[in-house]
Each structure stands twice: as structure tokens, then as C-alpha cells.
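>>> for reference, the sequence and a predicted model appear below.
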Amino acid sequence: AQKITQTQPGMFVQEKEAVTLDCTYDTSDQSYGLFWYKQPSSGEMIFLIYQGSYDEQNATEGRYSLNFQKARKSANLVISASQLGDSAMYFCAMREYGGATNKLIFGTGTLLAVQP
Amino acid sequence: NAGVTQTPKFQVLKTGQSMTLQCAQDMNHNSMYWYRQDPGMGLRLIYYSASEGTTDKGEVPNGYNVSRLNKREFSLRLESAAPSQTSVYFCASSEGVPGPQAGYTFGSGTRLTVV
């Protein structure tokens, strides 16, 4: 069964430093997608970055990059040059493409606090 | 702006009352979902609708019912609210095809308190 694990309930990072948020996943499908979402204190869910299981290169979107290690089943989010506005909850999610359903499974989230 | 519209944003209910959360999307997505978010538990799927005319249970369906009224609208009903249903509820929609578009567009959420 598919599962997402985020082992860091909370993290601190200094402004302008890089931070890595961990995510491991479990699936028996060969075809799947991995997603990261940001939830600021205002509550909305914001899509950040996507990685497909067959993508050979790690995904990047501005200051966000996804460190995809397929053999280890990990999809860590790296935020470079942290800003105060990066303080938020971050969710990792996965979707299997081989099955009949098309839903995302979410991890429990990591709360990131950026300190000045 | 195109997206997912979810109403109401806030609601307080007494135990035993009923209510319906409304959700509508204008992106012509086939799939729609209802999640609840509780501290320390991430987002848990209540019900989903892979396409118009179909609905399926998710991880935590007890105490809820849904209706896929048409392709645009997917409502969530609490027939007899309980304090355990105090949560933040999110509606979402997505394409059914692999790729970045397989991710969700979320509504802004409904903060529900049952007293």
C-alpha cells in the first residue's frame, strides 16, 4: 500500500540558509508522481514542485529543488536561501498512476520556522 | 479566477446538527476530493469522485456523505455532527492524467467546529 513518511514534525532554519525537508515513500507501482505543497499560516495549500518516477533529472522550481533518490524511495525538498516567508507547513504527497484511482496520499507534514 | 470555490469558510455546529459543505471547480477537472486536516495527522481523504457520476470512500468516510451533483460540483454532508468532526475541510480537484497536472487544486478550506 502506498505511504508517505515525513519524520520531521518541526524544523528551524536561519534566514538565507538552505534547508532540507525529508520525505520517504512506499509504493509497489513503477509509475508514480511526487508532489510538495506549502501551507502558510493563512491555510491555503500551494503547489510547489513535482517529480515523476521516470524523470531522470531532479525537479527544480526557483529556490525549490527535489532531491529524488529512487532506490532509497526518498523525495526530499530542498529550499535554498530561506526567507521569512518560507515559514509554513510543508506536505509531501504521492500519486500512483498504475491503479484505477487517482488520489494523492499525504504525509503528516513538517512545520518550518525561518529565523531572522 | 479559475479554481476551486469552497463554502462556507467558517462554521460552528451543535452536536447533532447537519450541514452541507459546498465545492465547485471551473477547470473542467474530472476528479474531485474531500479531505480533512487535523493537527499531526496531515490530510486524510474522506471521499472522492474519480469522474462525474461516481463516488468512493476514502480513508475516513464514517459520518459523512457526498454528492457529485455534476462535473463542477461535489458536496460533503454531515448528517449528525459530532465533536470528533471538528476539523479543517478541504475540497480539491485534479486532472486524471499523469504529470504535474495530476496534482490538486485546493479550495481555501472550511474551518468547522462542533460543540
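Nice, I can see it. Numbers count the residues shown, from 1 in each chain, chains lettered A, B, ... in the order given.
>>> right, and the helix or strand after the strand or helix carrying B:Tyr33?
Per DSSP states H and E: B:Tyr33 is located in strand B:31-38. Next in sequence after strand B:31-38, counting helices and strands by DSSP H and E, comes strand B:42-49.
>>> tilt between that next one and strand B:31-38?
150 degrees (axes from the mean of the first three to the mean of the last three CA atoms, to 10 degrees).
>>> contacts for the following helix or strand past strand B:42-49, please.
Per DSSP H and E, the first helix or strand lying C-terminal to strand B:42-49 is strand B:56-57. Outside strand B:56-57, the residues that touch it by CB atoms under 8 Å, 6 or more residues apart in numbering or on different chains are A:101, B:47-50. Backbone N, C-alpha and C define where each C-beta goes, glycine included.
>>> by neighbours, which of those wins?
Tallying neighbours with other CB atoms under 10 Å in any protein chain shown puts B:Tyr48 at the head of the contacts of strand B:56-57, with 25 neighbours.
>>> which residues sit in contact with that one?
Taking CB under 8 Å, 6+ apart as the test, what B:Tyr48 contacts is A:101, A:103, B:31-34, B:55-56, B:58.
>>> ok, now with 6 Å
A:103, B:33, B:56, B:58 (CB atoms under 6 Å, 6 or more residues apart in numbering or on different chains).
>>> apart from its neighbours in sequence, what residue is nearest the first one?
Meaning A:Lys103. In space, A:Lys103 comes closest to B:Tyr48 once its chain neighbours are excluded; the distance is 5.4 Å by CB to CB, 6 or more residues apart in numbering or on different chains.
>>> what does the last one give?
The shortest distance from B:Gly58 to any residue other than its chain neighbours is 3.0 Å, reached at B:Leu45 (CB to CB, 6+ apart).
>>> okay, the one you found: pLDDT?
According to the prediction, B:Leu45 has pLDDT 94.
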